[in-house]
Structures are given as C-alpha cells and as structure tokens.
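1. got a structure for you, letters missing:
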C-alpha cells in the first residue's frame, strides 16, 4: 500500500504505473505523438532554428571556457580520450578509405617539395592531394592549403 503523504512513494508509484501503461499502449502513444508532431510541425521548425541560433551564440561567447574545459577533460581522462580518438579515426577510415590511405602514404613517405607552389614559402609545408587514388598532389604552405580548401575550388 502506498503512503500518499510520502512524496517519494507517490512519485515512484506514478512512475512505475505510467511506464506500465505506456508499454501496454505503445502503438496508441506513438500514433498520438506522430499526430502531435504533424500538427505542430511549424512550431518545432521555428523552435529548432531559434535554438540553433542561441546555441551558436552561446558557444561563440563562451568559446575559451569550452575549449579550456575540453582540454582539461582530455588531460584528466587520457585513456578515454585515446579511445575516442581511435574510434574517430576508425570511422573516418571506414567512411573515406581512399583519403585515409593517401594521407597515411603522404605522411609515411614525406611527399613534400622544398617550397609552396603558389607563394614559394618554405615554412609549414603540407601535401595537397589532387587525386587520392594515385597519390597525386602538390606542395602548399598551410596558408595556401587553407585557402584552397576554404574556397572549395582551387585556382592553382
């Protein structure tokens, strides 16, 4: 028997029975949720857009704090951080096998010329892949490499 004056017992009772009711009436619940989402689609669309804007603004405002917090977490949890890095690398490898192979090849064989093809700089040289399958590419400094990827089209 439930002691109706004890808030914790009442809360537990309602929690249990509402879960029990949900599992009995799952199809009915899903049907009602679907109908609700369809009738309120515009509201959800506007809400999601405004939420994204607010979230972006918050991250821009608190950028330094967030970065510091992430760095601290990475330092405090080296095993978990290493595991997450491995998982991320594995997903990238599975999603872009040719790119991954070409990048590993470029790193291993140091396919870098002596200067940037665009600005003749000799600092921070990187290899820009033009063809991943055949490992064809050019040597660019970091600044020019970012420009090439930032614009999306190379004028080289």
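-> Arrived safely, thanks for sending. Being a predicted model, the structure only gives us computed values, none of them experimental.

2. distance from the host helix or strand of residue 14 to the middle of the chain?
-> With secondary structure defined by DSSP states H and E, residue 14 is part of helix 7-24. On the basis of Cα atoms, centre = their mean, to the nearest Å, helix 7-24 sits 36 Å off its chain's mean C-alpha point.

3. list the contacts of residue 70.
-> With Cβ atoms under 8 Å, 6 or more residues apart in numbering as the criterion, no residue contacts residue 70. (C-beta placed from N, C-alpha, C; glycine too.)

4. could you list the domains of the chain?
-> Split into domains by automatic domain parsing, the chain comes to 50-95, 112-156.

5. how about the helices in the protein?
-> 7-24, 26-39, 41-61, 63-76, 78-95, 97-109, 142-151 (DSSP state H).

6. ok, residues contacting the first one?
-> By Cβ under 8 Å, 6+ apart, the surrounding residues in contact with helix 7-24 are 2-4, 29.

7. give me the buried subset of those.
-> Applying a neighbour-count criterion of 16 or more other Cβ atoms under 10 Å, no member of the contacts of helix 7-24 counts as buried.

8. make CSV out of the residues you listed and add pLDDT and distance to residue 106.
-> Listed next are those as CSV, based on pLDDT from 0 to 100; distance: Cβ to Cβ, whole Å:
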residue, pLDDT, distance to residue 106
2, 75, 68
3, 82, 70
4, 79, 71
29, 86, 54
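
9. next, format the residues you listed as CSV and append distance to residue 100.
-> What follows is the contacts of helix 7-24, written out as CSV (distance: Cβ to Cβ, whole Å):
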residue, distance to residue 100
2, 59
3, 61
4, 62
29, 44
